[in-house]
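A.B. asks: Have a look at this prediction, sequence included:
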Amino acid sequence: MAQVVTADRNRSLHEDALTGDEDAFEALIGPLVEPALRLAYSMLGDRMEAEDATQEAITRAWRKLSQLRSGMPLRPWFLAIVVNQCRNVRRTRWFRFVRTKAIVEPERHGEPAVENIDLARAISRLPDHDRQALFLHFYLDLPIEEVAVALGISAAAAKGRIYRACHRLRPGLLEEEI
């Protein structure tokens, strides 16, 4: 019952946002800003670039809100905009020139960074598309279907990408243990 109420609430917020209600748009997108920032940071490796990319994605989402079909889940639609914005940022000449080593995820408070060094190193060796799929599925807890929408691929392709990325991680982690 709660999901039906939430779906109806989101539908009415979506309709209100389509009429230009900024508060309704903020209520829709607000809960997604933090996951979007984490996703952008994982792709760009720079907090300021991630904030700029997320802000631009929010602006694009506002402009393209009419493209969100009724009943379509908001989270993967918005995260797809974030992914595309990060790809655009990475294509710029300036970003490639000043590119620093990407950190897969921001350090969490209370968690020693030393415990995650091996995993972060192994993940950083993966191609970008594999890191994106792993991050969306395991770090943001998106189901396979939403990962697929966010990356613009089929659910089967998303599942395969995650599976192959996990298998690519294993040898690097096993070598570190020995």
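C.D. replies: Thanks, I have the structure now. Numbers count the residues shown, from 1 in each chain.
A.B. asks: Give me the residues contacting the helix ranked longest in the chain.
C.D. replies: Among the elements of the chain assigned as helix by DSSP state H, the one spanning the most residues is helix 155-177. With contact meaning CB atoms under 8 Å, 6 or more residues apart in numbering, helix 155-177 is reached by 118-119, 121-123, 125-126, 129-131, 133-134, 137, 144-145, 147-148, 151, 153. Every residue, glycine included, has its C-beta placed from N, CA and C.
A.B. asks: Give me the helices and strands touching the helix or strand harbouring Ala80, please.
C.D. replies: According to DSSP states H and E, Ala80 maps onto helix 74-91. Contacts defined by 3 or more CB pairs under 8 Å, 6 or more residues apart in numbering; DSSP states H and E place helix 74-91 against helix 22-29, helix 33-44, helix 47-63, helix 144-151.
A.B. asks: circling back to that earlier point, now a PyMOL select for only the buried ones of the contacts of helix 155-177.
C.D. replies: Buried residues among those (16 or more other CB atoms under 10 Å), as a PyMOL selection:
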select buried, resi 122+123+126+130+131+133+134+137+144+147+148+151+153
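A.B. asks: Would you mark the buried spots in stretch 51-58?
C.D. replies: Going by neighbour count (16+ other CB under 10 Å), the buried part of stretch 51-58 is Ala53, Thr54, Glu56, Ala57, Ile58.
A.B. asks: isn't the third one right up against Cys86?
C.D. replies: No: in terms of CB atoms under 8 Å, Glu56 does not count as a neighbour of Cys86; the distance is 9.6 Å.
A.B. asks: Report the buried residues of the helix holding Ala80.
C.D. replies: Judged by neighbour count using 16+ other CB under 10 Å, the buried positions of helix 74-91 are 74-86, 89-90.
A.B. asks: From those residues, which shows the smallest pLDDT?
C.D. replies: Minimum pLDDT for the buried residues of helix 74-91 is recorded at Arg90 (81).
A.B. asks: Give me the below-cutoff pLDDT ranges for the chain.
C.D. replies: For the chain, residues meeting the criterion pLDDT under 70 lie at 1-11, 93-117, 172-178.
A.B. asks: In space, not sequence, find me the middle residue of it.
C.D. replies: Central residue of the chain (CA atoms, centre = their mean): Leu39, 3.6 Å from the mean position.
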